[in-house]
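*Asks:* got a predicted structure here, sequence first:
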Amino acid sequence: MPAPPCASCHASRAALRRPRSGQALCGACFCAAFEAEVLHTVLAGRLLPPGAVVAVGASGGKDSTVLAHVLRALTPRLGISLQLVAVDEGIGGYRDAALAAVRRQAARWELPLTVVAYEDLFGGWTMDAVARSTAGSGRSRSCCTFCGVLRRRALEEGARRVGATHIVTGHNADDMAETVLMNFLRGDAGRLARGGGLGSPGEGGALPRCRPLQFASQKEVVLYAHFRRLDYFSEECVYAPEAFRGHARDLLKRLEAARPSAVLDLVHSAERLALAPAARTPRPGACSRCGALASRALCQACALLDGLNRGRPRLAIGKGRRGLDEEAMPGTPGDPARAPTSKAVPTF
Amino acid sequence: MCQVGEDYGEPAPGEPTPAPRPSREQKCVKCKEAQPVVVIRAGDAFCRDCFKAFYVHKFRAMLGKNRLIFPGEKVLLAWSGGPSSSSMVWQVLEGLSQDSAKRLRFVPGVIFVDEGAAFGKSLEERSKTLAEVKPILQATGLPWHVVALEEVFSLPPSVLRCSAQEPAGSEGAYKAAVDSFLQQQHVLGAGGGPGPTQGKEQPPQPRLDPQSLASPPAAAQPEALSQLFCSVRTLTAKEELLQTLRTHLILHMARAHGYSKVMTGDSCTRLAIKLMTNLALGRGAFLAWDTGFSDERHGDVVVVRPMRDHTLKEVAFYNRLFSVPSVFTPAVDTKAPEKASIHRLMEAFILRLQTQFPSTVSTVYRTSEKLVKAPRDGPAAGDSSPCCLLCMCALDVDAADSATAFGAQTSRLSQMQSPTPLTETRTPPGPCCSPGVGRVQGCGQGACRREDPQACIEEQLCYSCRMNMKDLPSLDPLPPYILAEAQLRTQRA
C-alpha cells in the first residue's frame, strides 16, 4: 500500500509518521516542524536573547550536531552568534574519532571551533587515567561521575575563552526522562529539586545554560539528522556500559513501547516535583580554590581532582563517611560531617 | 553504585568486614538466644518472637508517630484479600484485643470491593470468591461491607466534590483528645467493655444492605461495567480507571457510614513501585498524596497507609509464620505479559533492580518522604484552584503553548486533531478555548457545548487523567455520576 500524502503540504508522499502524534509527514515538512518547535521552545522560554554569543557544546554526536544545525538555521531569526566548543576527555579510541567529526562540521558550517582538553585543564588527568585510578576500588568505577562534572567545568572554561554569554547543550527529552528516573532510583533529592526546569539561569557568575532540544524526543532527533543528511559520530563511549543510566535508559525504552507519550509524561512529572525545603540546595557561593560556582567550600570538580591527586579517587564521592579535608593534608581524613548529594556545578 | 554516595564492595578502611552470612550457629540478632527463622534486609536474622515484635512495633509506630487517628474515630479498613491488606487487618485485630494501656483506640470496619465484573468474570466465579471472602470477614468480628464495583453506576455526583475539610488538629488537639478519651473510659468503669468497639452505637453486626444505595436493575450494571472496561484500549488506562472507580466507591461507602478515615494496606515495596509508576504517568505533582502516609485530598475522609514501612518480604514471612488468612482475587493485570502496561513494566523493573541493588526500594521510599504536598509555585494556588474531576488533585496543566512538556504535547495534539491542511505548523491550540490560563478554568462560554464534549471533560482533568482519557474512545460508557458532575462544572464555570 503506497504511503499516504503528507498531512502538511499534501503534495509529496509521506516519508515518516511522527512518533508521538502518528501524523504522516514528508521529510521537508517534518524538518520544518522540528525547527519550528525548537524555535518555539527558545522563544517561549526566553532562553537566548538577541545579541547573545552562544557556545554550543559539540561532542560530534547526533544531539549536538542537530542542535548546532538547527541553531545555525535559526540565527537570523534569533539574532545570535554561534561558537562551537568541543571537549576532549582523553578517551582513547572514542573521543579522537568524535573530534574529527566535529572538525568536519565546523569546517562545513564555517563556525569557529575551540577544543578544550582535560589534560590541559585538569593537571594531566585524562578519563583513561581516571578510569585506571578508580579501577582498583570496588565493583564499579564511577567514571561517568568524574566525566560529567569535569566536562561541565571544561565547557564553562571553553565558553569563557570564546567570550560566550550562554551555553547550550543538546539534551533531548529522553535524556531528561532518564535523569528523573535515575535520580529517584538513586535517591538524589538535591538533583531532583534542581532539575526539571529549562536549564539554569546562571547564578553566582556561572554562564546561563539551556537545552533547546528539551522537548524533542530522541527518535525525532535521529530522524531529523537523517533527513538533513547530517554527518555525526554515532558510537557509544567505551565506559558507557558501566553507567547506572543504562538501567534508566532500558526502562525508558520499554515504557515508551507501552505508552508513546511516556517520555513527555516523565518530563512533565520532573517539572512538577515538589521537594521539601531541606532537600533543596543551599545558596551557591564560590569555590575557595578556583572561584567557580560551588555550594560548599570546594566545588565538586576541585574536590574530585583532589581525591584523584591524593590517590584516593572516591574521596569526593560518597556521603562524607570519610570526609574531605579542605586543606590539602595528605593522609588525614577530615570531619565526616558534610551535606550529601549536592554538587557544585549545576548538572541536569 | 546505585545509590548516590553508596559504595558497593569496598568497606571503608578501619571498619570491620561486613557481617558474615548467617551460619547454623548464629543466633537471633535481637535477643541473641533463640534460633533465627527469618532473615530481613541483609543479614539480620530474627527469631519468631523478635520478628513479631519488630513487625508489630513498626505498625504501631507508624500510627503513633503520625497522630492522625483520634481515639474513638471510625476507621474503614480497605481489604482486597491480598497479603498486605490481610496483614493490616490482622494487626488491627490484634491491636484491639490487647490490654487497655496498649489497645488501639479507634473503631474499625472492613470493606471488600468485588471487582469481578470489570474483567468479565461470570456470576459463578464471583460467588465462589465471595464464598471464600465472607467467612474471613465474619471471623474478624468487625462490621463488614461487601460492595460490587458496578455499584459505581449508582453513585451520586457529590462523591466528586471535595467536602469541607475538618480543621487540622494541632499537637495540643491530639493530646487533648487522647486525655479526654482516657478520662471517659475511666468514668465508664474500669476494665471497659470486653468487645473491641467502645461505643455501642455501632452494633458489631453484619453487613450493610446493598439497597442503601439507590438500586437500579441488578442485571444491567455488571454488563455496563464490563462494557466500560472493554472499551478502554490499553491496560495502563484500565488499571488507572479501576483504581479511580474503586477509590470513589470506598469513599462513598465511608461517607455513608460515617467513617472518617480509610486505611489501605499498601506496603513499602508497592508504594515504591507506585511512585515510579506515577512518575511515568505524569503525576509528578501529586506524588506526596499518592504515596505519603496520609492523603487528605477528599476533604472529610482521609486515606491512611499504615503499612508503608513494611516490605513485601516481611509481610509474606509474617503471614506465613502466623497464618494470616488471605484470599487470592485475580486482578485486571493477572497473567498479563510484562510489556502490557506501565504498571507491570515498572513492577518488573524495580523488583529486578532490587535483586541487583538491594537498597533500591528503601532508597525510593526515603526519597518519597522528602516530597511535600505544596504545589511547586508556592501557596499562591491555594484553595481556589480547580480540582481534577477524577483524581481530585489540583490541576497541574500549563498554558497551552508554554515552554513545558505540556505545551509541547498540546501543540502536537492540536496538529493531530485538526484534519484541515496546516499551512503553519504551529496551529493555535484547542478547538474551543482561548489559550492562556483561562483555559484551565473550563470553557464556560457556552461555545463548548456546541463543540466536542470530550474536550470539555478534558479541560477539567489533570495531566495524567487526560492521558488516560485518550485511551477511552467514547465517554458514554462512563458512570453517570462522572458525566453529571462534569456537566455541572461546565455550567458553573
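*Replies:* In hand now; what should we look at? Being a predicted model, the structure only gives us computed values, none of them experimental. Numbers count the residues shown, from 1 in each chain, chains lettered A, B, ... in the order given.
*Asks:* can you name the residue of the stretch 201-348 of chain A nearest chain B?
*Replies:* Nearest to chain B, among the residues of the stretch 201-348 of chain A, is residue A:269, at 2.6 Å (Cβ to the nearest Cβ). C-betas here are computed from N, CA, C, even on glycine.
*Asks:* correct me, but that residue touches residue A:179?
*Replies:* No. Checked against Cβ atoms under 8 Å, the pair residue A:269 and residue A:179 is beyond contact range at 11.6 Å.
*Asks:* re the thing from before, okay, and the residue of the stretch 201-348 of chain A closest to chain B sits in which element?
*Replies:* Using DSSP states H and E, residue A:269 sits in helix A:262-271.
*Asks:* tell me the mean pLDDT over that helix?
*Replies:* For helix A:262-271, the mean per-residue pLDDT is 90.
*Asks:* repeat that for stretch B:116-128.
*Replies:* Stretch B:116-128 shows a mean pLDDT of 85 in the predicted model.
*Asks:* just to revisit the earlier point, more neighbours: which of residue A:269 and residue A:179?
*Replies:* Using other Cβ atoms under 10 Å in any protein chain shown as the criterion, residue A:269 and residue A:179 rank with residue A:269 on top: 28 against 23.
*Asks:* list the contacts for the more buried one?
*Replies:* If you count contacts by Cβ atoms under 8 Å, 6 or more residues apart in numbering or on different chains, residue A:269 has them with A:180, B:278, B:279, B:280, B:281, B:282, B:283, B:284, B:285, B:287.
*Asks:* in chain A, where is pLDDT below threshold?
*Replies:* A:136-141, A:196, A:204, A:279-283, A:318-348 (pLDDT under 70).
*Asks:* quick check: longest strand of it.
*Replies:* Longest strand in chain A, counting residues (DSSP state E): strand A:81-88.
*Asks:* next structured bit after that strand?
*Replies:* Counting by DSSP H and E, the next helix or strand C-terminal to strand A:81-88 is helix A:95-109.
*Asks:* what's that next one in contact with?
*Replies:* Residues from elsewhere that reach helix A:95-109 (Cβ under 8 Å, 6+ apart): A:58-61, A:65, A:68-69, A:72, A:84, A:86, A:88-89, A:111-113, A:115, A:127, A:231-233, A:235.
*Asks:* note down every partner strand of the helix or strand following it and its orientation.
*Replies:* With elements assigned by DSSP H and E, the helix or strand that comes after helix A:95-109 is strand A:113-117. Using DSSP bridges, strand A:113-117 pairs in its sheet with strand A:81-88 (parallel).
*Asks:* now the strand it pairs with against helix A:95-109, angle please.
*Replies:* Counting by axes from the mean of the first three to the mean of the last three Cα atoms, to 10 degrees, strand A:81-88 lies at 160 degrees to helix A:95-109.
*Asks:* buried residues, strand A:81-88. List them.
*Replies:* For strand A:81-88, a neighbour-count test (16 or more other Cβ atoms under 10 Å in any protein chain shown) marks A:82, A:83, A:84, A:85, A:86, A:87, A:88 as buried.
*Asks:* report the beta-bridge partner residues of the last one.
*Replies:* The reference is to residue A:88. Beta bridges link residue A:88 to residue A:117, judged by DSSP bridges.
*Asks:* contacts only, for it.
*Replies:* A:95, A:99, A:115, A:116, A:117, A:118, A:119.
*Asks:* scan these and report the most crowded one.
*Replies:* Going by other Cβ under 10 Å, residue A:118 tops the contacts of residue A:88 with 26 neighbours.
*Asks:* next up, the contacts around the closest residue to chain A within chain B.
*Replies:* For chain B, the residue closest to chain A is residue B:284, as judged by Cβ to the nearest Cβ, at 2.6 Å. Residue B:284 is in contact with A:180, A:266, A:268, A:269, A:270, A:271, A:272, A:273, B:278, counting by Cβ under 8 Å, 6+ apart.
*Asks:* is it true that the last one lies in a helix?
*Replies:* Yes. Assignment of residue B:278 by DSSP: H, G, I helix; E, B strand; the rest coil places it within a helix.
*Asks:* surely it touches residue B:289?
*Replies:* No. The pair residue B:278 / residue B:289 is not scored as a contact, 9.8 Å apart, by Cβ under 8 Å.
*Asks:* which of those two has more neighbours?
*Replies:* Between residue B:278 and residue B:289, residue B:278 has the larger neighbour count (other Cβ under 10 Å), namely 24 against 20.
*Asks:* now, which of the buried residues of strand A:81-88 sits nearest residue B:36?
*Replies:* Of all the buried residues of strand A:81-88, residue A:87 has the smallest distance to residue B:36: 53.9 Å, by Cβ to Cβ.
*Asks:* ok, and the closest non-adjacent residue to that closest one?
*Replies:* Leaving aside its chain neighbours, residue A:87 sits nearest to residue A:154 (4.7 Å; criterion: Cβ to Cβ, 6 or more residues apart in numbering or on different chains).
*Asks:* can you check residue B:305 too?
*Replies:* residue B:266 (5.0 Å).
*Asks:* tell me which helix or strand residue B:348 sits in.
*Replies:* Element membership for residue B:348, per DSSP H and E: helix B:342-356.
*Asks:* check which element follows the worst-scoring helix or strand of chain B on mean pLDDT along the chain.
*Replies:* Ranking every helix and strand in chain B by mean pLDDT, DSSP states H and E puts helix B:447-450 at the bottom, with a mean of 45. Downstream of helix B:447-450, the next assigned helix or strand under DSSP H and E is helix B:453-459.
*Asks:* does that next one reach chain A?
*Replies:* No. Counting by Cβ under 8 Å from any Cβ of the partner chain, chain A has no neighbours in helix B:453-459; the shortest distance is 14.4 Å.
*Asks:* count of neighbours near residue B:362?
*Replies:* Using other Cβ under 10 Å, residue B:362 has 18 neighbouring residues.
*Asks:* in which helix or strand does it reside?
*Replies:* helix B:360-369.
*Asks:* now that helix - C-alpha only, PDB.
*Replies:* Coordinates of each C-alpha in helix B:360-369 appear next as PDB, following Å, rounded to 0.1, in the frame of the first residue of the first chain:
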ATOM      1  CA  THR B 360      16.500   0.200  45.700                       C
ATOM      2  CA  VAL B 361      13.100   0.000  47.400                       C
ATOM      3  CA  SER B 362      14.300   1.700  50.600                       C
ATOM      4  CA  THR B 363      16.000   4.400  48.600                       C
ATOM      5  CA  VAL B 364      12.900   5.200  46.700                       C
ATOM      6  CA  TYR B 365      10.900   5.200  49.900                       C
ATOM      7  CA  ARG B 366      13.300   7.600  51.600                       C
ATOM      8  CA  THR B 367      13.200   9.900  48.700                       C
ATOM      9  CA  SER B 368       9.400   9.800  48.700                       C
ATOM     10  CA  GLU B 369       9.500  11.000  52.300                       C
END
